[in-house]
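Chemist: Quick one: sequence plus predicted model below, questions after.
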Amino acid sequence: MTEVSERVGATCPSCSPDVPTAHEVLAQGGQWTVRCGECGHVHKTRIDDELVERDVVVSQDGESFTASVEVPPDEPLAEGDEFVLDATEGVFTVRITSLQVGTEERTDAAAAGDVDTIWTRDVGNVAVPTTVHPATGARDETRSVELHVPGDEEFVVGESHSVGDEEFEVEGIALRDRAVGYEFDDLDHEGDVATAKDIKRLYVREAGPALEAWSAW
């Protein structure tokens, strides 16, 4: 049984009704009393005592680390699902990229009880590879940068954005493989929008005299 001082994963009716977050257990029973670690809301919830512990490999900025999560054995898991992982390294929002059900076999959907390892990618904060074209149009001045932004930040083709010291207008967006909710893999029409965690590469033109003159016209 979980001790009162420990934390459990549970949905929060105040700030996260669909995605489990880390909660402090205040009292146990048929309906446990818990406090949300995100917003502090205290509420009652049912906690499944029969949980299985599964390894979670988290990919983050080209590196990876391994943590673990406890889930009900009949919990359905699928590629693209997101959940909050409370690890030694911190609290992360991760997206499932694949599920390992044997020593080598990978699948895109399975019950937690059948899974050995959950492979994920950190999508709470992401690095977006970006090709920056100069305002002057000189191709030899094109450069590549990484924009570090929240995973849910949106980029819109045809609109101006500012990230750190970079100011630019989005010209095109290449999406990651199997990004869900998009009609095309590449977005280049004005008004097309994508969230940072779904972007494989961003194509932009830096702000400057040429861009400002074009925008004003």
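Modeler: In hand now; what should we look at?
Chemist: Now do the same contact list for the most centrally placed residue in the chain.
Modeler: The C-alpha lying nearest the average C-alpha coordinate of the chain belongs to Val123 (CA atoms, centre = their mean; 2.1 Å). Going by CB atoms under 8 Å, 6 or more residues apart in numbering, Val123 touches 82, 93-95, 151, 197. The C-beta positions use only the backbone N, C-alpha and C, and glycine is treated the same way.
Chemist: Tell me how many other residues crowd Val149.
Modeler: 20 (other CB atoms under 10 Å).
Chemist: That one: what's it in contact with?
Modeler: Val149 neighbours (CB under 8 Å, 6+ apart): 125-126, 128, 163, 196.
Chemist: repeat that with 6 Å
Modeler: 163, 196 (CB atoms under 6 Å, 6 or more residues apart in numbering).
Chemist: try Val42
Modeler: Neighbours of Val42 in contact, by CB under 6 Å, 6+ apart: Arg35.
Chemist: partner residues bridging it?
Modeler: On the basis of DSSP bridges, Val42 is bridged to Arg35.
Chemist: what's the offset of the helix or strand harbouring Leu85 from the middle of its chain?
Modeler: Assigned by DSSP states H and E, Leu85 belongs to strand 82-87. The chain centre lies 10 Å from the centre of strand 82-87; the measure is CA atoms, centre = their mean, to the nearest Å.
Chemist: Check stretch 9-26 too.
Modeler: Worked out by CA atoms, centre = their mean, stretch 9-26 lies 17 Å from the chain centre.
Chemist: likewise stretch 15-29?
Modeler: 20 Å.
Chemist: And for it, what's in contact with it?
Modeler: 2, 4, 6-12, 33-39, 84, 86.
Chemist: can we see that at 10 Å?
Modeler: 1-12, 32-47, 49, 69, 71, 81-86, 91, 93 (CB atoms under 10 Å, 6 or more residues apart in numbering).
Chemist: Can you get me the start-to-end distance on stretch 96-109?
Modeler: 10 Å (CA to CA, to the nearest Å).
Chemist: pLDDT averaged over that stretch, what's the number?
Modeler: Stretch 96-109 shows a mean pLDDT of 89.
Chemist: cool, and stretch 33-50?
Modeler: Mean predicted lDDT for stretch 33-50 stands at 84.
Chemist: Quick check: buried residues in it?
Modeler: Buried residues in stretch 33-50, counted by 16 or more other CB atoms under 10 Å: 33-34, 36-37, 43, 45, 47.
Chemist: Take these and write them to JSON lines, including distance to Val157.
Modeler: Formatted as JSON lines, these follow (distance: CB to CB, whole Å):
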{"residue": "Thr33", "distance to Val157": "48"}
{"residue": "Val34", "distance to Val157": "43"}
{"residue": "Cys36", "distance to Val157": "37"}
{"residue": "Gly37", "distance to Val157": "37"}
{"residue": "His43", "distance to Val157": "41"}
{"residue": "Thr45", "distance to Val157": "42"}
{"residue": "Ile47", "distance to Val157": "45"}
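Chemist: Break down this protein into its helices, ranges please.
Modeler: Taking DSSP state H to define them, one finds helices in the chain at 209-216.
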